[in-house]
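*Asks:* Return a 3D structure for these sequence lines:
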Amino acid sequence: MKNMIDIKICQSVLEKCLSTGGDFAEIFAEETTKNSYSMVSGELKNASTNNLHGASIRILKGAKEISGYTNDFSLESLMKLAENLSESVEGENLGIKFTLKEEKPAKIVKAVKAPSKVSNEEKVALLTKASKAAKEYSEEVVQVMASLMDEEQHVLVANSFGKYIEDDRHHLRLAASAVAAFNGSMQTANDSIGGNCGYEIFDEKDVAAMSKEIAKAAVTMAHADEMVGGVYTVVIDNAFGGVLLHEACVHSLEATSVAKGASVMCGKLGQKIASDIVTAIDDGTRCDQWGSLNMDDEGNPTHKNVLIENGILKSYLVDYRNSRIMNHPITGSSRRQNYRYSPTSRMTNTFFAPGKDTFDSIIANTKFGLYAKKMGGGSVNPSTGEFNFAVNEGYMIEDGKITKPVRGATLVGSGSQVLLNIDMIADNLDFGHGMCGSASGSIPTDVGQPTIRVQNMVVGGRGSK
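*Replies:* Prediction:
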């Protein structure tokens with residue numbers, strides 16, 4: 001592992017940052033190479049490489065933050081940036097003394113076959129395999145899109161606590177979507193495989209099987225009836241079903257909104273906010289997962305944060321700056337898209353803990369309801385927890401059995417009410433991969449859960465009885 005910026009340069013720059021009364025200073029530097037490939041119906045449409053090289057400096061005085069960035073790692077450039085930023089801090093040198101000491105991060109994630117060790121031909125072959133498997137599933141599949149992204153990121157964090165730490169990250173994700181057409185209806189299904197790891201992930205994950213599943217889902221939904229709106233018992237399947245927890249609940253637990261008093265979850269630590277069977281976790285320490293990190297973007301170890309335990313709110317997700325405002329311990333949750341963004345509290349891998357039921361028992365014990373097999377996108381207001389989510393693949397449950405497919409279902413409600421109305425949780429925890437956007441940019445996050453059952457959910461739909 002190389003030193004992007006010499007430790008002595010970092011020491012001098014940080015000392016300059018504190019010369020006018022700041023009480024904390026930090027350097028975040030990165031060198032990132034990102035490759036992107038896209039294929040439409042078996043034809044390669046794009047292949048590109050982007051390089052990112054830069055460093056940011058931020059200075060804190062209490063909760064006030066001053067920040068800026070440069071693409072030049074020289075002492076002269078960094079000192080000039082530090083001087084310009086420190087001029088915005090009013091006060092006198094507080095005499096803070098520190099000596100940078102090199103640290104090594106934990107090795108939670110690693111790459112055996114790093115992207116730079118894999119040829120373009122091998123990468124295009126993966127896309128071809130995904131595209132071919134979906135297209136060959138049915139003549140009703142009219143278009144298949146496949147994309148592959150990989151990046152190698154080297155980061156450095158140095159701060160006035162004496163921390164000097166560097167790490168390597170390797171994010172990669174293959175995504176595919178299929179469009180099916182039948183009798184004037186066109187429906188899309190999608191899925192992805194990804195991780196903070198190397199291309200060895202595809203030695204274990206079956207790209208063709210994933211593509212066949214999305215083709216099957218698209219064709220099934222093209223033949224489905226429109227959902228009839230109403231209030232239902234809803235069974236939400238595992239993996240990407242966890243987007244409901246991510247969006248409707250845990251965004252409201254991030255210090256980004258809690259510290260401002262702009263969250264429905266403000267002031268509720270130690271209170272019952274969910275059903276007794278609900279335990280919700282954000283865990284950045286899961287080996288090689290899409291949202292996992294050896295360290296967060298403030299150089300702190302990532303944690304397994306139990307947010308809700310047996311229905312009781314136990315913790316928020318908190319970065320260093322917001323910990324000053326909230327008087328709450330940091331949780332290893334500080335993240336940023338790149339050096340151009342200031343870090344703030346963000347999720348990593350967020351999920352409901354497994355329960356004691358099974359998928360089969362949940363279905364069998366549901367007299368009538370909606371089975372949301374695949375969730376789609378939606379929107380949420382963190383200040384109220386109110387949400388609106390699409391169901392990409394849905395089926396009716398009648399007399400304890402999954403019956404006809406339905407399309408166009410939408411789940412509407414509030415995160416706080418959903419948490420209280422969960423009455424069954426299965427043992428089949430799995431994860432889906434997404435990109436989460438917030439104040440510090442777009443970052444990789446995993447959403448996950450076992451199959452859950454929620455009572456009395458409002459379901460929108462355009463069908464008629």
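*Asks:* any idea how far Asp283 is from Glu152?
*Replies:* As for Glu152, its distance to Asp283 is 24 Å (criterion: Cβ to Cβ, to the nearest Å). For glycine as for every other residue, the C-beta is placed from the backbone atoms N, C-alpha and C.
*Asks:* any low-confidence regions in this structure?
*Replies:* Low-confidence segments of the chain (pLDDT under 70): 1-2.
*Asks:* any idea how it splits into domains?
*Replies:* 7-222, 225-462 (automatic domain parsing).
*Asks:* mind putting those domains in CSV, mean neighbour count included?
*Replies:* Output for the domains of the chain, formatted as CSV (neighbours: other Cβ atoms under 10 Å):
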stretch, mean neighbour count
domain 7-222, 18
domain 225-462, 21
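*Asks:* Next, Lys107: secondary structure please.
*Replies:* Under DSSP: H, G, I helix; E, B strand; the rest coil, the three-state class of Lys107 is coil.
*Asks:* Nearest residue to it in space, ignoring adjacent ones along the chain?
*Replies:* Spatial nearest neighbour of Lys107, chain neighbours left out: Asn294 (6.2 Å); criterion: Cβ to Cβ, 6 or more residues apart in numbering.
*Asks:* Kindly report the same for Ala25.
*Replies:* Cys17 (3.5 Å).
*Asks:* residues contacting the one you found?
*Replies:* For Cys17, the contact set (Cβ atoms under 8 Å, 6 or more residues apart in numbering) comprises 25, 57, 59, 82, 85-86, 160.
*Asks:* hmm, 10 Å instead?
*Replies:* Counting by Cβ atoms under 10 Å, 6 or more residues apart in numbering, Cys17 touches 24-27, 57-60, 66, 78-79, 81-83, 85-86, 89, 159-160.
*Asks:* ok, so what distance separates the residue lying farthest from the centre of the chain from Ser211?
*Replies:* For the chain, the residue at maximal distance from the C-alpha centroid (Cα atoms, centre = their mean) is Glu92, at 40.6 Å. Distance of Glu92 to Ser211, given as Cβ to Cβ: 63 Å.
*Asks:* same check, this time on Val228
*Replies:* 31 Å.
*Asks:* do Gly385 as well
*Replies:* On the measure of Cβ to Cβ, Gly385 and Ser211 end up 35 Å apart.
*Asks:* for Lys34, same thing?
*Replies:* The value you get for Lys34 to Ser211, if Cβ to Cβ is used, is 24 Å.
*Asks:* again with Ser440
*Replies:* Using Cβ to Cβ, we find Ser440 at a distance of 33 Å from Ser211.
*Asks:* swap in Met375?
*Replies:* Counting by Cβ to Cβ, the separation of Met375 from Ser211 is 19 Å.
*Asks:* isn't there a strand covering Met210?
*Replies:* No: Met210 is assigned helix when assessed by three-state DSSP, not a strand.
*Asks:* Excluding sequence neighbours, find me the nearest residue to it.
*Replies:* Asp191 (5.3 Å).
*Asks:* Tell me which strands the one helix or strand the one you found maps to pairs with, and in which orientation.
*Replies:* Here Asp191 sits within strand 185-196, counting by DSSP states H and E. Sheet pairing of strand 185-196 (DSSP bridges) gives strand 163-182 (antiparallel).
*Asks:* Stretch 182-189: how far from the chain's middle?
*Replies:* Relative to its parent chain, stretch 182-189 has a centroid offset of 29 Å by Cα atoms, centre = their mean, to the nearest Å.
*Asks:* What are the contacting residues of that stretch?
*Replies:* 134, 138, 140-143, 145, 176-181, 213-224, 226, 374, 376, 392-393, 407-408.
*Asks:* Narrow those to those in strands?
*Replies:* Using DSSP state E, the subset of the contacts of stretch 182-189 located in strands is 141-143, 145, 176-181, 226, 374, 376, 392-393, 407.
*Asks:* Go through those residues and name the one nearest Ile425.
*Replies:* Lys374 (18.7 Å; Cβ to Cβ).
*Asks:* who's in contact with the closest one?
*Replies:* Lys374 makes contacts with 189-191, 213-214, 217, 221, 236-237, 239-241, 390-394, 432, as judged by Cβ under 10 Å, 6+ apart.
*Asks:* now with 8 Å?
*Replies:* So Lys374 contacts 189, 217, 237, 240-241, 391-393 (Cβ under 8 Å, 6+ apart).
*Asks:* do the same with Pro450
*Replies:* By Cβ under 8 Å, 6+ apart, the contact set of Pro450 is 238, 352, 354-355, 425-430.
*Asks:* got the residues you listed as a markdown table, with distance to Ser333 and secondary structure columns?
*Replies:* Output for these, formatted as a markdown table (distance: Cβ to Cβ, whole Å; DSSP: H, G, I helix; E, B strand; the rest coil):
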| residue | distance to Ser333 | secondary structure |
| --- | --- | --- |
| Asn238 | 24 | coil |
| Phe352 | 18 | strand |
| Pro354 | 23 | coil |
| Gly355 | 25 | coil |
| Ile425 | 24 | strand |
| Ala426 | 27 | strand |
| Asp427 | 27 | coil |
| Asn428 | 27 | coil |
| Leu429 | 21 | coil |
| Asp430 | 23 | strand |
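*Asks:* Just give me the closest of those to Thr256.
*Replies:* Phe352 (21.9 Å).
*Asks:* what separates that closest one from Lys314, distance-wise?
*Replies:* Distance of Phe352 to Lys314, given as Cβ to Cβ: 14 Å.
*Asks:* the strands in the stretch 1-150 of the chain, which residues?
*Replies:* 24-40, 43-61, 64-70, 101-103, 141-159 (DSSP state E, counting those that start in this stretch).
*Asks:* Identify whichever of the ones you listed lies nearest to Cys266.
*Replies:* strand 64-70 (21.1 Å).
*Asks:* Test my guess that Lys367 contacts Met396.
*Replies:* No: with contact defined as Cβ atoms under 8 Å, Lys367 does not reach Met396; the gap is 11.6 Å.
*Asks:* just checking, next helix/strand downstream of the strand or helix carrying Val235?
*Replies:* Assigned by DSSP H and E, Val235 belongs to strand 228-236. Downstream of strand 228-236, the next assigned helix or strand under DSSP H and E is helix 243-248.
*Asks:* and the helix or strand following that next one, what other elements does it pack with?
*Replies:* Helices and strands here follow DSSP H and E; after helix 243-248, the next one along the chain is helix 255-258. Applying 3 or more Cβ pairs under 8 Å, 6 or more residues apart in numbering; DSSP states H and E, one finds that helix 255-258 makes contact with helix 320-326, strand 344-345.
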